[in-house]
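Chemist: Starting from these lines, generate the structure:
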Amino acid sequence: MLLRASHVIYLSSLVKSLEHLSYAREIMLEHLLKTNKNSAQISSFEISFDEDVRLLKFRSIRAFIECHPRFFQSMIEFDDWDSAMAHLQQNKEIALKFWEKQGG
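Modeler: Model prediction:
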């Protein structure tokens, strides 16, 4: 149970981080529009940002799995971003209780 809880907390922390990145993206897009950047510059930013997010998701899951000793890797119930988000959804009560206690 402790291992599952730690996995869910890790995943929920990643989701919170991505939410903050999303806010930063919106602020940057607003800035680009206010400073009259052209559509090519805005598109370039969006493409770069989306690629950074894609890599963050991929590398975060890969690093998470790799940091577990081989014995514990068989207990990880996901192997990519989509299955990780399904796992988080199935265990959302654990994450909600954790963040409630943390005030976040």
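Chemist: So, low pLDDT: which residues of this structure?
Modeler: For the chain, applying pLDDT under 70 flags the ranges 103-104.
Chemist: for it, what spans make up the helices?
Modeler: Assigned by DSSP state H, the chain shows helices spanning 2-34, 39-66, 70-73, 81-90, 92-102.
Chemist: Please identify the most buried of the ones you listed.
Modeler: Ranked by average neighbour count under the criterion mean count of other C-beta atoms under 10 Å, the helices of the chain are headed by helix 81-90 at a mean of 15. Yep, even glycine has a C-beta here, placed from its N, CA and C like the rest.
Chemist: relative to helix 92-102, how tilted is it?
Modeler: Orientation of helix 81-90 against helix 92-102 (axes from the mean of the first three to the mean of the last three C-alpha atoms, to 10 degrees) gives an angle of 70 degrees.
Chemist: Quick one: distance of helix 81-90 to the chain centre.
Modeler: 11 Å (C-alpha atoms, centre = their mean, to the nearest Å).
Chemist: Equivalent analysis for stretch 97-104, please.
Modeler: 18 Å.
Chemist: Can I get that stretch as PDB, trimmed to CA atoms?
Modeler: Provided in PDB are the C-alpha atoms of stretch 97-104 (Å, rounded to 0.1, in the frame of the first residue of the first chain):
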ATOM      1  CA  LYS A  97      -6.100  12.800   0.700                       C
ATOM      2  CA  PHE A  98      -2.400  13.600   0.400                       C
ATOM      3  CA  TRP A  99      -2.900  17.000  -1.100                       C
ATOM      4  CA  GLU A 100      -5.600  17.800   1.400                       C
ATOM      5  CA  LYS A 101      -3.200  17.200   4.300                       C
ATOM      6  CA  GLN A 102      -0.500  19.200   2.600                       C
ATOM      7  CA  GLY A 103      -2.800  22.200   2.000                       C
ATOM      8  CA  GLY A 104      -2.300  22.100  -1.700                       C
END
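Chemist: Look up phi and psi at the residue lying farthest from the centre of the chain.
Modeler: Most distant residue from the mean C-alpha position of the chain: Asn36, 30.7 Å away (C-alpha atoms, centre = their mean). Per-residue torsions, Asn36: phi 60, psi 40 (degrees, to the nearest 10).
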